[in-house]
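no sequence for this one, just the structure:
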RNA sequence: GCCCCUAUAGUUUAAUGGAUAAAACGAGAGGCUUCUAUCCUUUUGAUGUGGGUUCGAUUCCUACUGGGGGCACCA
């Protein structure tokens, strides 16, 4: 296998360097940037030249002579070149053997063992219970889920989780908005007591023919507006106090309004294939956070201010600005409950590593949380990772970049974009008269998901992106649609050829037009490994685009089912490409279709 | 004011410190009697500015400029 060939070379190089006097050489063969440099190359010549006081080129030359003498398996040619690179050319047999490796592995191709024995907990997409999911939330989910898949694919134990931050003033605004504005008779009192005995005098989302999350958004917006009125503000704050006191009727109202929100959000999450192993409810553990803060105070790690608030002490050891851990009235803050939750997560899953997939505006808050947890002995900062994802901005007609703003009404909902793409795809099917109605519907939904997911996962998740809704609908070029189309092509060829994988491939050692495609197929596992290291799946997306582009070029030039002696071999190339695309898309959470 | 992130073709995005900075969209030219043209071929065009480290810098350091985010009792 190619893996063994590379490992063998790396260890030979490593041995040579050790003999030459390097204590712990770091050697790895990387993908050569261009076919003219072979399949793999290494820069050890330049890297260790100074330490060995040799010229890089001479070092490379000596090393190549040494390696050539070993006559390593699977290697056609080794050369040293200009600044001091060493290039490795694999034999055609080795490359073709790799195709069989792919076909034998099928769905397992691309799996690795990089994180075996590790236990990870990934928090992502904790829903905001007063909003329907917009593009920012969607990005959070797609990034979070792809990290979960990458780590599982790398052999780790992974739990994904979310927190329902379901207490506090904003929920109370929802509740008030509901009481005040969703009653059927405007004359009815805005009152919890009255509501509790006249519940059917209030609208449900069904009765308003509205999705429950949009219904809640409306409650929130109206409640927020009313909050400006000091009389109403008092009532809303009273709701929080009554909730804390455990008032049954207020709790009932609270549960009802929250359920609307979560039901609605889950419609979107289920659509995109979200999964959580565990949902934490803030109201179940926020009290425990106070105990941790009290413990830290007793141990002298935190400071009590004159007004009674408890503050962190992070300046000296962490260079971080301090934050309040407990309010002067003794009530908890976001960070208070997160301390308890972090400990809970670690204990529940015996987790080695915890990841928070959260927006960049939380960076400081999370660094403070990590540091405080370390001070309390809950875990080490090095084992906590904040994976941020950049903002999703919009582009207006003039091409200017703008943040989404609920105040300006420019928030784009996840479902709206999916629906728009779906409609475009569907219209195309209708036009072409392909498939029956239900098939069109099914394919259009899957393609819309593929297009939108790919659009988000093809670039580095930490970068801000600007999202052009119209461009997302225009599904050409570097897109999920392109990759899917290519996959469908491979399936179509394999289908026409008959059952794939049955005939023993004729190993044809001369490579033709497909040479660069076969070469690219070598790198999938390297790309996946890099994605695991970076916790970002975009390397896989970029790789798939390149693979598809090369496949399509070959496809345009050469007829595959030509009845020639090379046909069986060409089919193995097609099948290897097909499997690689399918497995790559699976890492992106994109389900393939066989026809379109 | 202080802290963090960020700057690549006209636009949207790639590039473990490595070789000629890679694609797509847009604009121009061409290609289906064929395994699905949602495709292919081709032309065009970029590392914000000044220093530094290095054999080698889009990548690391530094200053400046522009953009975004954050800064104690909100979440």
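Ah, there it is. Every value quoted in this text rests on a predicted model; they were computed, and no experiment measured them. Residues are numbered from 1 along each chain as shown, chains lettered A, B, ... in the order given.

For residue A:205, which three-state class applies?
Using DSSP: H, G, I helix; E, B strand; the rest coil, the structure places residue A:205 in coil.

show me what contacts it?
Contacts here follow Cβ atoms under 8 Å, 6 or more residues apart in numbering; on that basis residue A:205 touches A:211-212, A:214-215, A:260, A:264. Where you see a C-beta, it was placed from the backbone N, CA and C, and this is true even at glycine.

Narrow those residues to those that are buried.
Buried members of these, scored by 16 or more other Cβ atoms under 10 Å, are A:211-212, A:214-215, A:260, A:264.

and which of those is nearest to residue A:123?
Within the buried ones among the contacts of residue A:205, proximity to residue A:123 (Cβ to Cβ) peaks at residue A:264, which comes in at 21.1 Å.

hang on, that closest one packs against residue A:212?
Yes. A contact is recorded between residue A:264 and residue A:212 when judged using Cβ atoms under 8 Å, the distance being 3.8 Å.

Quick check: residues of the stretch 301-450 of chain A near RNA strand B?
A:305, A:307, A:309, A:311, A:321-324, A:327-329, A:333-335, A:360-365, A:391, A:395, A:399, A:401, A:403, A:425, A:428-429, A:447 (Cβ under 7 Å from any atom of the strand).

In strands, which of those residues appear?
Here DSSP state E is the test, and those give A:311, A:324, A:395, A:401, A:403 as lying in strands.

Can you flag the buried ones in these?
Using 16+ other Cβ under 10 Å as the burial test, these include A:311, A:324 as buried.

Show me the two of the ones in strands among the residues of the stretch 301-450 of chain A next to RNA strand B that sit farthest apart.
Spanning the widest gap among those are A:311 and A:395, at 42.6 Å by Cβ to Cβ.

follow-up on the earlier one: format the ones in strands among the residues of the stretch 301-450 of chain A next to RNA strand B as JSON lines; extra columns: pLDDT.
Output for those, formatted as JSON lines (pLDDT from 0 to 100):
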{"residue": "A:311", "pLDDT": "96"}
{"residue": "A:324", "pLDDT": "97"}
{"residue": "A:395", "pLDDT": "72"}
{"residue": "A:401", "pLDDT": "69"}
{"residue": "A:403", "pLDDT": "79"}
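
Closest one to residue A:491 out of the ones in strands among the residues of the stretch 301-450 of chain A next to RNA strand B, please.
If you rank these by distance to residue A:491 using Cβ to Cβ, residue A:395 comes first, at 35.2 Å.

So for that closest one, what's the nearest residue that isn't a sequence neighbour?
residue A:468 (4.6 Å; Cβ to Cβ, 6 or more residues apart in numbering).

ok, that neighbour to RNA strand B distance?
Distance, residue A:468 to RNA strand B, using Cβ to the nearest atom of the strand, to the nearest Å: 7 Å.

State the number of residues packed around residue A:193.
Neighbours of residue A:193 under the rule other Cβ atoms under 10 Å: 9.

can you check the one 4 residues further on too?
For residue A:197, the tally of surrounding residues (other Cβ under 10 Å) stands at 8.

same question, residue A:53
Neighbourhood size, residue A:53 [other Cβ under 10 Å]: 8.

and what of residue A:547?
Residue A:547 sits with 22 neighbouring residues when counted by other Cβ under 10 Å.

Secondary structure of it: a strand, I assume?
No. Under three-state DSSP, residue A:547 sits outside any strand and is assigned helix.

Spatially, and excluding backbone neighbours, which residue is closest to it.
With sequence-adjacent residues excluded and distances taken as Cβ to Cβ, 6+ apart, residue A:547 is closest to residue A:520, at 5.5 Å.

domain parsing for chain A?
By the assignment in automatic domain parsing, chain A contains the domains A:2-90, A:166-276, A:279-389.

Can you get me the start-to-end distance on the shortest one?
In other words, domain A:2-90. Start and end residues of domain A:2-90 are separated by 9 Å (Cα to Cα, to the nearest Å).

next one: stretch A:198-218
End-to-end distance of stretch A:198-218 (Cα to Cα): 21 Å.

Kindly report the same for stretch A:377-387.
Its start and end residues considered, stretch A:377-387 measures 22 Å (Cα to Cα).

What average pLDDT does that stretch get?
For stretch A:377-387, mean pLDDT is 95.

do stretch A:223-231 as well
90.

ditto for stretch A:43-51
The pLDDT scores in stretch A:43-51 average 90.

got the buried residues for that stretch?
The neighbour-count check on stretch A:43-51 (16+ other Cβ under 10 Å) flags A:43-49 as buried.

Within reach of RNA strand B, which of the residues you listed are there?
Answer for these near RNA strand B (Cβ under 7 Å from any atom of the strand): A:43, A:46-47, A:49.

of all these, which comes closest to residue A:253?
Using Cβ to Cβ, those come closest to residue A:253 at residue A:43, 65.5 Å.

Is that closest one in contact with residue A:81, as I believe?
No. Between residue A:43 and residue A:81 there is no contact under Cβ under 8 Å: 11.2 Å.

all strands of the stretch 351-500 of chain A, in order?
Ranges of strands within the stretch 351-500 of chain A are A:353-357, A:384-387, A:392-395, A:401-403, A:465-467, based on DSSP state E, counting those that start in this stretch.

looking at those strands, which is buried most?
Mean neighbours per residue, mean count of other Cβ atoms under 10 Å, is largest over those for strand A:353-357, with a mean of 23.

Show me what that strand is packed against.
Other elements packing on strand A:353-357 under the criterion 3 or more Cβ pairs under 8 Å, 6 or more residues apart in numbering; DSSP states H and E are strand A:119-124, helix A:135-153, helix A:334-349, strand A:384-387.

Each with direction, which strands does whatever helix or strand comes next after the longest one pair with?
Yep, that's helix A:135-153 we're talking about. Along the chain past helix A:135-153, the next helix or strand (assigned with DSSP states H and E) turns out to be strand A:157-164. Using DSSP bridges, the strands paired with strand A:157-164 are strand A:119-124 (parallel), strand A:278-281 (parallel).

Can you convert these into a markdown table and add a column each for mean pLDDT and mean neighbour count?
Listed next are these as a markdown table, based on pLDDT from 0 to 100; neighbours: other Cβ atoms under 10 Å:
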| stretch | mean pLDDT | mean neighbour count |
| --- | --- | --- |
| strand A:119-124 | 98 | 23 |
| strand A:278-281 | 96 | 15 |
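
Export those strands to TSV and append columns for distance to residue A:75.
Below are the strands paired with strand A:157-164 laid out as TSV (distance: least, Cβ to Cβ, whole Å):
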stretch	distance to residue A:75
strand A:119-124	37
strand A:278-281	49
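
before we move on, back to that, per-residue confidence for the residue nearest to residue A:547?
Predicted confidence (pLDDT) for residue A:520: 96.

check which helix or strand covers it.
Using DSSP H and E, the element containing residue A:520 is helix A:515-521.

contacts for that helix?
Residues contacting helix A:515-521 (Cβ under 8 Å, 6+ apart): A:35, A:39, A:95-96, A:98-99, A:102, A:511, A:543, A:546-547, A:550-551, A:554, A:573, A:576-577, A:580.

buried residues in that helix?
Neighbour-count burial for helix A:515-521 flags A:517-521 (criterion: 16+ other Cβ under 10 Å).

In CSV: those, plus distance to RNA strand B.
Output for the buried residues of helix A:515-521, formatted as CSV (distance: Cβ to the nearest atom of the strand, whole Å):
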residue, distance to RNA strand B
A:517, 11
A:518, 16
A:519, 14
A:520, 12
A:521, 17
